[in-house]
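*Asks:* generate coordinates for the sequence data below:
(one chain, ligands or ions: 3)
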Amino acid sequence: VSNFSSIKCKDLFLIYVLLCPCSCEGILAQDLSTPKENQNAYIAASYVKFLEAAGARVVPIMINQTDEEYRRLFKSINGVLFPGGGASIFSSGYQRSSKIFYEMALEANRRGDYFPIWGTCLGLEQLFLLTNGVSLLTRTNTTAVSLPLKFTKGKSKMFQGFPPELMDALALEPLTENSHRWSLAMEAFNSSNTLTSFYKVLSTNTDGKTEFLSTVEAFDYPIYGTQWHPEKNAFEWRRPFVAHTPSGVRVTFFMAEFFVSEARKNFHRFATEDEENQALIYNFSPVKSSAKSIFEQIYYF
Ligand SMILES: *[C@@H]1O[C@H](CO)[C@@H](O)[C@H](O)[C@H]1NC(C)=O
Ligand SMILES: *[C@@H]1O[C@H](CO)[C@@H](O)[C@H](O)[C@H]1NC(C)=O
Ligand SMILES: *[C@@H]1O[C@H](CO)[C@@H](O)[C@H](O)[C@H]1NC(C)=O
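*Replies:* Ligands and ions are numbered 1, 2, ... in the order given. So this is what the prediction gives:
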């Protein structure tokens, strides 16, 4: 371009802003254990805030949509988060939508269309099952505890951009909240070639008896997971052992920032502005949860 040099920095910046992918991220809704008429699924608001804090716009992915609707949505969003919760990973609306998005993501990534998936807690358990085909989860005593991470050696994509002092805090302070009955034990993981060739273990933890995988990333795909809850430090206050310390809150932000930066690497977008407007979470309002809930606010669908 002959007159390239006459383009000012400011113009280049504006071009960059315009071209920068829109970063709409899907979050899977999941089946309510006791559905009501016109209300059968939910998303805990902390997952929405988690992604919004890092600059994403959230699109709720409803359960029980048609394959065609999920395919259309996949082309419109830049990544998907499988949240924690109590839905069945074997048979539920959540299981079905996660399987469809997982398979579309593998296929897209093989074509060079970079599409990230993040699984938190139940979401990671679901990812392990989707990858392995057979569940290898075991019971652990980890329903209500915050733990420091035991990092494995070697490099990761996930933690590469973390400040060293935050890595130290993660390794030394109980910043990662665990609320799961099931875990993938290291021993079971080691027994599956499918899993060991797919996932790199970034950290482990133990309940005193069983060493389990706590943070993973896939070798060949932008697929990430934590058995713990990075969204809780900044956004959930119902359980006393969630670390709301400055380091804890920074963990929330850095994890979200990493995932959202991964989602900026594809150019999926909604076909029309109208379709985008109708899909965004802004069409819904979270409500304050009942006293016995572990969540502050919930979106019901
Ligand atoms: C959604 O699908 C699941 C099975 O995939 C089924 O058990 C459930 O009843 C469905 N819910 C609604 C509201 O249709
Ligand atoms: C479970 O772990 C907690 C600490 O996190 C401990 O106090 C409790 O005794 C453990 N329970 C069992 C059955 O091991
Ligand atoms: C799993 O395999 C890793 C790497 O080979 C090894 O370091 C670790 O001790 C094994 N853990 C268990 C519980 O089998």
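*Asks:* contacts, neighbours, all on C-alpha from now
*Replies:* Fine.
*Asks:* local confidence estimate at the residue of the chain found nearest ligand 3?
*Replies:* Residue nearest to ligand 3 within the chain (Cα to the nearest ligand atom): Glu187, separated by 3.9 Å. On pLDDT, Glu187 comes in at 98.
*Asks:* hang on, it in a helix?
*Replies:* Yes: looking at Glu187 with DSSP: H, G, I helix; E, B strand; the rest coil, it is inside a helix.
*Asks:* what residues are up against it?
*Replies:* By Cα atoms under 8 Å, 6 or more residues apart in numbering, the contact set of Glu187 is Glu211.
*Asks:* repeat the analysis, applying 7 Å as the threshold.
*Replies:* By Cα atoms under 7 Å, 6 or more residues apart in numbering, no residues touch Glu187.
*Asks:* ok, now Val260?
*Replies:* Ala54, Ala56.
*Asks:* now with 8 Å?
*Replies:* Counting by Cα under 8 Å, 6+ apart, Val260 makes contact with Ser23, Glu25, Leu51, Ala54, Gly55, Ala56.
*Asks:* sketch out the strands for this structure, chain order is fine.
*Replies:* With DSSP state E as the criterion, the chain has strands at 24-28, 30-36, 39-44, 57-61, 79-82, 117-120, 138-147, 150-151, 176-183, 199-206, 211-218, 223-226, 287-288, 297-300.
*Asks:* ranking the ones you listed by burial, who's on top?
*Replies:* strand 79-82 (a mean of 30; mean count of other Cα atoms under 10 Å).
*Asks:* CA atoms only: put that strand into CSV for me.
*Replies:* Extracted in CSV, the C-alpha atoms of strand 79-82 (Å, rounded to 0.1, in the frame of the first residue of the first chain):
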residue,chain,number,x,y,z
GLY,A,79,-16.0,-19.9,23.0
VAL,A,80,-18.1,-21.9,25.4
LEU,A,81,-17.9,-22.4,29.2
PHE,A,82,-19.3,-25.6,30.8
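*Asks:* picking up where we left off before, neighbour-wise, which one of the contacts of Val260 leads?
*Replies:* Ranked by the number of neighbours (other Cα atoms under 10 Å), the contacts of Val260 place Glu25 first, at 29 neighbours.
*Asks:* partner residues bridging that residue?
*Replies:* Val58, Gly79 (DSSP bridges).
*Asks:* in CSV: the strands of the chain, plus distance to Pro240.
*Replies:* Shown next, in CSV, are those (distance: least, Cα to Cα, whole Å):
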stretch, distance to Pro240
strand 24-28, 26
strand 30-36, 25
strand 39-44, 18
strand 57-61, 28
strand 79-82, 25
strand 117-120, 20
strand 138-147, 10
strand 150-151, 22
strand 176-183, 11
strand 199-206, 20
strand 211-218, 21
strand 223-226, 21
strand 287-288, 18
strand 297-300, 17
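*Asks:* could you save the ones you listed as JSON lines and add columns showing distance to ligand 3 and mean pLDDT?
*Replies:* Output for the strands of the chain, formatted as JSON lines (distance: least, Cα to the nearest ligand atom, whole Å; pLDDT from 0 to 100):
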{"stretch": "strand 24-28", "distance to ligand 3": "32", "mean pLDDT": "98"}
{"stretch": "strand 30-36", "distance to ligand 3": "32", "mean pLDDT": "95"}
{"stretch": "strand 39-44", "distance to ligand 3": "33", "mean pLDDT": "97"}
{"stretch": "strand 57-61", "distance to ligand 3": "36", "mean pLDDT": "98"}
{"stretch": "strand 79-82", "distance to ligand 3": "26", "mean pLDDT": "98"}
{"stretch": "strand 117-120", "distance to ligand 3": "22", "mean pLDDT": "98"}
{"stretch": "strand 138-147", "distance to ligand 3": "13", "mean pLDDT": "98"}
{"stretch": "strand 150-151", "distance to ligand 3": "12", "mean pLDDT": "98"}
{"stretch": "strand 176-183", "distance to ligand 3": "13", "mean pLDDT": "98"}
{"stretch": "strand 199-206", "distance to ligand 3": "9", "mean pLDDT": "98"}
{"stretch": "strand 211-218", "distance to ligand 3": "7", "mean pLDDT": "98"}
{"stretch": "strand 223-226", "distance to ligand 3": "18", "mean pLDDT": "98"}
{"stretch": "strand 287-288", "distance to ligand 3": "42", "mean pLDDT": "98"}
{"stretch": "strand 297-300", "distance to ligand 3": "38", "mean pLDDT": "98"}
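*Asks:* how about those, which one is nearest ligand 1?
*Replies:* strand 39-44 (5.5 Å).
*Asks:* that closest one near ligand 1 anywhere?
*Replies:* Yes: applying Cα under 6 Å from any ligand atom, one finds strand 39-44 touching ligand 1 at Asn40.
*Asks:* then that strand to PDB, C-alphas only?
*Replies:* The C-alpha coordinates for strand 39-44 follow below in PDB (Å, rounded to 0.1, in the frame of the first residue of the first chain):
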ATOM      1  CA  GLN A  39     -38.600 -22.700  34.000                       C
ATOM      2  CA  ASN A  40     -36.400 -25.700  33.400                       C
ATOM      3  CA  ALA A  41     -32.800 -24.500  33.400                       C
ATOM      4  CA  TYR A  42     -30.400 -22.000  35.100                       C
ATOM      5  CA  ILE A  43     -27.000 -20.400  35.100                       C
ATOM      6  CA  ALA A  44     -25.400 -19.200  38.300                       C
END
